[in-house]
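A.B. asks: I would like to see how this sequence folds:
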Amino acid sequence: MFSSRFWEHDFVTQTGFDTIVARLKDGSKTCKDIEDFLKQRSKAEEDFAKALQKIAKSERGAGETGSIKSSVDVLRAEADAEANFHTKHAQCLAEEANKLSEFRERQREERRRHEEVMHRVHKTKADSFRKMQSCKSTYESKYRAAEKADSDYERVKFSTKPKEVERAKKSQQQSLQAATKADEEYKSSVEQLEIYRKSWEQEHKKTCEIFQRLEEERLQNLRNVLWIYANLGSILFVESDDSREKIRVSLERCDLDNDLMDFANRKGTGARPLDPIPYVSCGTGVSSAIPQTPNIMNSAPVSGRPRVQDEYSLADNNTDSYSMIGMMGGSNKKVLYDYTPQHRDEIQISVGDSVIVKINLGDGWLRAKNVRTGQEGLIPATYVTD
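C.D. replies: Okay, here's the model as predicted:
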């Protein structure tokens, strides 16, 4: 293709050859640009990998427990793995950049070698052409001089002046000899030029074929390098996605409820709040807290009830416990308001129910039995009346 499309139009220029050489130089510059790109990309990947390694080494979630702790550990391990992915990616890019650099240098050396040969052949051809042009010009000049001398001799050869005839004849002979010599030199220069032209033609054709091969190799190699770059990027993303998948799998295995239960079981400080401290009178009577008067609605909410010790435990721990609370001797009372239990030791009462008060616990609470339901437990003292 190159050998048939880039012939010269004259003997002294080499526009076609220079056009091919310019193409090869531009191609070499493109390879250098891609080489620099790969090196810069490799440096960026290397810096990113170092940053990831620094991040992965940092302790994270040290106080976490349970299954979520395992996910945090997987996150840290995969961050380190991802750093290794980018380190490997940086190395692969650097290797491709080095290969491209070596390829570019080999092509440059081969191009220069053939380029120097072509410049020598072209110079020889051009010099021979200039010499031929000079010989031709001399020949034409001598030929015209010989024709003039011959014409002059023919004009005076029958003259009565012998000396004039002799001079004209001598000039004719000298001009003819000069023209003959110029003719021989001209023919010789044309023959020599043809030899150089054929040599140049063969070298030009061979060099064009070599340069075409170099350009084909360059394009193929550059295409392969860019293809490898794309594949390396795909491999990196696949490895990164696999790493993310490991994190997702670890998160799917998390049991958040179990984590909370595990924390409560291991770190719990108690299963019930503090018991209230009862008021103890120094007199003979029993002191009881004056409860707040409930709303006149049928259902009056009771909030913030102090937790009290079970009356039986009071009796077990202190035989004088009953002196701290008012014993009501199983008196019957009428329920004024609905009450829904808020703790396990309380019972439900409704308006109109009859209750038998067993003991006054103080702070506005009674232990009583609901005659209707048969349940026994704590009720608000303000919710009943005699």
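A.B. asks: Contacts for stretch 69-88, please.
C.D. replies: 45-46, 48-50, 52-53, 55-57, 60-61, 64, 236, 239-240, 243-244, 246-247, 250-251, 253-254 (C-beta atoms under 8 Å, 6 or more residues apart in numbering). Yep, even glycine has a C-beta here, placed from its N, CA and C like the rest.
A.B. asks: no, scratch that, I was asking about stretch 365-373
C.D. replies: Residues contacting stretch 365-373 (C-beta under 8 Å, 6+ apart): 291, 305, 308, 311, 328, 333, 347-350, 353-361, 375-381, 384.
A.B. asks: Check stretch 8-25 too.
C.D. replies: Residues outside stretch 8-25 that contact it (C-beta under 8 Å, 6+ apart) are 2, 5-7, 107, 111, 115, 118, 122, 125-126, 129-130, 193, 197, 204, 207-208, 211, 214-215, 218.
A.B. asks: now, which of the residues you listed lie within helices?
C.D. replies: 2, 5, 107, 111, 115, 118, 122, 125-126, 129-130, 193, 197, 204, 207-208, 211, 214-215, 218 (DSSP state H).
A.B. asks: Need the buried ones from the residues you listed selected in ChimeraX.
C.D. replies: Restricted to buried positions by 16 or more other C-beta atoms under 10 Å, the ChimeraX selection for the ones in helices among the contacts of stretch 8-25 reads:
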select :2,107,111,115,118,122,125,126,129,193,197,204,207,208,211,214,215,218
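A.B. asks: Tell me the helix or strand right after the helix or strand of the chain with the lowest mean pLDDT.
C.D. replies: Scoring the helices and strands of the chain by mean pLDDT, DSSP states H and E places helix 311-317 at the bottom, with a mean of 41. Note on helix 311-317: by DSSP states H and E, the next helix or strand toward the C-terminus is strand 331-335.
A.B. asks: List the buried residues of whatever helix or strand comes next after that following strand.
C.D. replies: As assigned by DSSP H and E, the chain's next helix or strand after strand 331-335 is strand 354-362. Neighbour-count burial for strand 354-362 flags 355, 357-362 (criterion: 16+ other C-beta under 10 Å).
A.B. asks: Residue 171 reaches residue 155, doesn't it?
C.D. replies: No. Here residue 171 lies out of contact with residue 155, judged by C-beta atoms under 8 Å, at a distance of 11.9 Å.
A.B. asks: More neighbours: which of the two?
C.D. replies: The neighbour count for residue 171 versus residue 155, taken as other C-beta atoms under 10 Å, is higher for residue 171 (17 against 10).
A.B. asks: Mind telling me what element that one is part of?
C.D. replies: Taking DSSP H and E as the criterion, residue 171 maps to helix 162-252.
A.B. asks: With just CA atoms, put the helix or strand following that helix into PDB.
C.D. replies: Downstream of helix 162-252, the first helix or strand assigned by DSSP H and E is helix 256-267. Extracted as PDB, the C-alpha positions of helix 256-267 are listed here (Å, rounded to 0.1, in the frame of the first residue of the first chain):
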ATOM      1  CA  LEU A 256     -29.500  -7.800  65.400                       C
ATOM      2  CA  ASP A 257     -32.000  -9.000  68.000                       C
ATOM      3  CA  ASN A 258     -29.600 -11.700  69.200                       C
ATOM      4  CA  ASP A 259     -26.800  -9.000  69.400                       C
ATOM      5  CA  LEU A 260     -29.000  -6.900  71.700                       C
ATOM      6  CA  MET A 261     -29.900  -9.900  73.800                       C
ATOM      7  CA  ASP A 262     -26.300 -11.000  74.000                       C
ATOM      8  CA  PHE A 263     -25.300  -7.500  75.200                       C
ATOM      9  CA  ALA A 264     -28.100  -7.400  77.800                       C
ATOM     10  CA  ASN A 265     -27.200 -10.800  79.100                       C
ATOM     11  CA  ARG A 266     -23.500 -10.100  79.300                       C
ATOM     12  CA  LYS A 267     -23.600  -6.500  80.400                       C
END
